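Asks: structural data only, the sequence is not supplied:
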């Protein structure tokens with residue numbers, strides 16, 4: 001795990017990280033594929049040598065610890081520091097968009113191409129020009145939108161053939177984003193843990209699981225969906241909530257926890273402001289951060305309804321949960337309480 005730290009100490013130009021282009025392959029780069037929609041005539045006639053980049057048990061090629069892959073390039077990346085990271089970009093010609101599809105870690109550029117007999121490829125030959133650590137390499141279960149990582153939206157992340165050098169901080173961001181996507185999608189635990197190890201290899205630090213809050217992610221998705229809605233319709237929806245509602249709801253062709261939908265709608269109605277101090281936190285991406293506190297806790301059968309949920313800043317949320325709290329009055333329309341000796345009266349109407 002200290003290998004990349006050593007590389008970083010030696011390199012000040014970011015030569016330990018490449019984004020490389022590979023031809024689209026709907027099999028997940030586990031079998032040869034001729035792409036009839038490819039922009040290059042060669043790819044329409046022959047499967048790319050990268051067709052097996054994420055088949056990690058190639059007989060006679062891969063070992064218990066190492067995998068071998070291929071990047072199409074005109075010139076070898078001579079500035080690349082062995083032990084670094086390669087993240088793979090592909091133009092998904094089925095969906096007409098660029099995607100980040102996988103990662104190799106602890107990569108070594110081979111001095112000479114390795115040739116292996118393999119039926120189905122041009123001349124029945126498989127070429128390899130890179131090798132990597134098997135335990136630190138992964139086909140992303142959830143491909144990422146490549147546009148999210150472009151500083152200039154009019155340009156590609158990398159050329160149609162070859163690779164581009166980037167600062168290692170971009171690799172950290174990509175892996176973190178994929179970890180979040182794995183939580184949202186419910187991916188296999190072993191894939192999540194493998195990616196956490198890759199994150200540690202890149203950064204030299206453990207991934208902070210607090211950065212991934214599945215409920216917060218769901219709520220943000222729902223906020224993005226509902227924020228364009230008429231507030232009157234959201235209020236009507238909240239007003240019709242019943243205690244007997246199902247635990248899950250279906251929104252925009254996806255299943256969510258019902259309480260996350262309620263909280264997301266309340267955040268919008270309360271304008272993302274703390275109901276105690278009025279604080280409104282703006283994140284770097286322009287979104288707002290605010291939390292939800294249950295007056296009667298969920299584990300004590302507190303209801304997922306507007307009269308049992310306060311929208312609070314992080315400080316007042318923790319104080320409400322852990323401080324000296326005395327409820328004076330609580331109805332469907334308002335709550336009056338003392339919190340560490342300070343009296344508050346909050347309107348709960350929507």
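Replies: Perfect, thanks for sending it. Just so it is clear, the model here is predicted, and its values are computed rather than measured. Numbering: from 1, shown residues only.
Asks: regarding the protein, what is its longest helix?
Replies: Looking across the chain with DSSP state H, the single longest helix is helix 168-185.
Asks: for that helix, buried residues please.
Replies: For helix 168-185, burial by neighbour count (16 or more other Cβ atoms under 10 Å) applies to 168, 170-172, 174-179, 181-183. For the C-beta atoms, the positions are set from N, CA and C on the backbone; glycine is no exception.
Asks: quick one: the helices in the stretch 101-250 of the chain?
Replies: With helices called from DSSP state H, counting those that start in this stretch, the stretch 101-250 of the chain shows them at 168-185, 189-203, 214-226, 231-239.
Asks: elements contacting the shortest one?
Replies: Looking back up the chat, that one is helix 231-239. Judged by 3 or more Cβ pairs under 8 Å, 6 or more residues apart in numbering; DSSP states H and E, the packing partners of helix 231-239 are helix 258-269.
Asks: just checking the distance from the helix it packs on to the centre of its chain.
Replies: Distance of helix 258-269 from the chain centroid (Cα atoms, centre = their mean, to the nearest Å) equals 22 Å.
Asks: after that helix, which helix or strand is next?
Replies: strand 281-282 (DSSP states H and E).
Asks: related to what we said a few turns ago, between the buried residues of helix 168-185, which is nearest residue 307?
Replies: Minimum distance to residue 307 across those is 30.5 Å, recorded for residue 183 (Cβ to Cβ).
Asks: OK, contacts around the closest residue to residue 114 other than its chain neighbours?
Replies: Of all residues not flanking residue 114 in the chain, residue 128 sits nearest, at 4.2 Å (Cβ to Cβ, 6 or more residues apart in numbering). The contact partners of residue 128, taken as Cβ atoms under 8 Å, 6 or more residues apart in numbering, are 49, 61, 68-70, 110, 113-114, 116.
Asks: just to revisit the earlier point, with mean pLDDT as extra columns, can I get the helices of the stretch 101-250 of the chain in a markdown table?
Replies: As requested, the helices of the stretch 101-250 of the chain are exported to a markdown table (pLDDT from 0 to 100):
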| stretch | mean pLDDT |
| --- | --- |
| helix 168-185 | 86 |
| helix 189-203 | 92 |
| helix 214-226 | 87 |
| helix 231-239 | 92 |
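Asks: which one of those lies closest to residue 325?
Replies: Ranking these by proximity to residue 325 (Cβ to Cβ) places helix 214-226 first, at 22.6 Å.
Asks: now do the closest one: everything it contacts.
Replies: Outside helix 214-226, the residues touching it (Cβ under 8 Å, 6+ apart) are 180, 183-184, 234, 251-252, 254, 256-257, 260-261, 263-265, 267-268, 287.
Asks: one more pass at 7 Å, please.
Replies: Helix 214-226 has contacts (Cβ atoms under 7 Å, 6 or more residues apart in numbering) with 180, 183-184, 234, 251-252, 256-257, 260-261, 263-265, 267-268, 287.
Asks: now list the buried members of these.
Replies: 183, 234, 251, 256-257, 260-261, 263-265, 267-268.
Asks: same for the longest helix of the chain, what does it pack against?
Replies: On a contact count with 3 or more Cβ pairs under 7 Å, 6 or more residues apart in numbering; DSSP states H and E, helix 168-185 meets strand 84-92, strand 138-145, helix 189-203, helix 214-226.
Asks: quick one, which of the ones you listed is nearest to residue 123?
Replies: Per Cβ to Cβ, nearest to residue 123 of the helices and strands packed on helix 168-185: strand 84-92, 23.6 Å.
Asks: which residues sit against that closest one?
Replies: 7, 16-24, 98-105, 107, 130, 146, 157-158, 168, 171, 174, 202.
Asks: could you dump the helices of the stretch 101-250 of the chain to CSV with distance to residue 308?
Replies: Formatted as CSV, these follow (distance: least, Cβ to Cβ, whole Å):
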stretch, distance to residue 308
helix 168-185, 26
helix 189-203, 33
helix 214-226, 16
helix 231-239, 12
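Asks: mind checking which of those is nearest residue 319?
Replies: Comparing the helices of the stretch 101-250 of the chain by Cβ to Cβ, helix 214-226 comes nearest, at 19.5 Å.
Asks: next, the angle from that closest one to helix 258-269.
Replies: 50 degrees (axes from the mean of the first three to the mean of the last three Cα atoms, to 10 degrees).
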